[in-house]
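Novice: Okay, sequence plus prediction incoming.
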Amino acid sequence: MASKKGVRIIITLECTECRSNTSKRSPGVSRYTTTKNRRNTTGRMELKKFCTHCNSHTVHKEIK
């Protein structure tokens with residue numbers, strides 16, 4: 001029996017400021033998990049979320 005793959009998938013969002021800026025770099029990188037509908041949103045997702053390491057709202061991009 002074939003397994004059904006759902007339309008909604010779990011993705012991980014990572015802070016772009018923590019990843020790219022080495023001078024601001026702290027011991028960790030802010031990450032969030034969420035779901036998206038792969039039929040409606042085919043591209044990579046970008047959301048503004050709160051980063052605890054930057055202590056501000058920054059853009060979080062979808063990673064693998």
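Specialist: That came in fine, so what should we check first?
Novice: going forward, measure contacts and count neighbours with C-alpha atoms only.
Specialist: Noted.
Novice: Apart from its chain neighbours, what residue comes closest to Arg31?
Specialist: Spatially, and ignoring its direct neighbours in sequence, Arg31 is nearest to Glu14 (4.6 Å; C-alpha to C-alpha, 6 or more residues apart in numbering).
Novice: What's the separation between the one you found and Asn37?
Specialist: Here the criterion is C-alpha to C-alpha, to the nearest Å. By it, Glu14 lies 19 Å from Asn37.
Novice: ok, now Met45?
Specialist: Met45 is 11 Å from Asn37, by C-alpha to C-alpha.
Novice: what do you get for Glu62?
Specialist: With distances taken as C-alpha to C-alpha, Glu62 is found 13 Å from Asn37.
Novice: His53 too?
Specialist: Separation of His53 from Asn37 (C-alpha to C-alpha): 29 Å.
Novice: out of those two, which sits in the busier spot?
Specialist: Here His53 and Asn37 are compared on neighbour count by other C-alpha atoms under 10 Å; more neighbours surround His53, at 16 against 12.
Novice: So the more buried one sits against Val29, correct?
Specialist: Yes - counting by C-alpha atoms under 8 Å, Val29 is a contact partner of His53 at 7.0 Å.
Novice: Give the intersection of the neighbour lists for the two.
Specialist: When contacts are counted by C-alpha atoms under 8 Å, 6 or more residues apart in numbering, His53 and Val29 have Cys18 as shared neighbours.
Novice: can you map out the strands along the protein?
Specialist: 8-15, 31-37, 46-51, 56-63 (DSSP state E).
Novice: What count of nearby residues applies to Tyr32?
Specialist: Summarising burial for Tyr32: neighbours were counted as other C-alpha under 10 Å, giving 15.
Novice: Please work out how many residues are found near the residue lying closest to it once chain neighbours are set aside.
Specialist: Of all residues beyond its chain neighbours, the one nearest Tyr32 is Leu13 (5.0 Å), with distances taken as C-alpha to C-alpha, 6+ apart. By other C-alpha under 10 Å, the residues close to Leu13 number 22.
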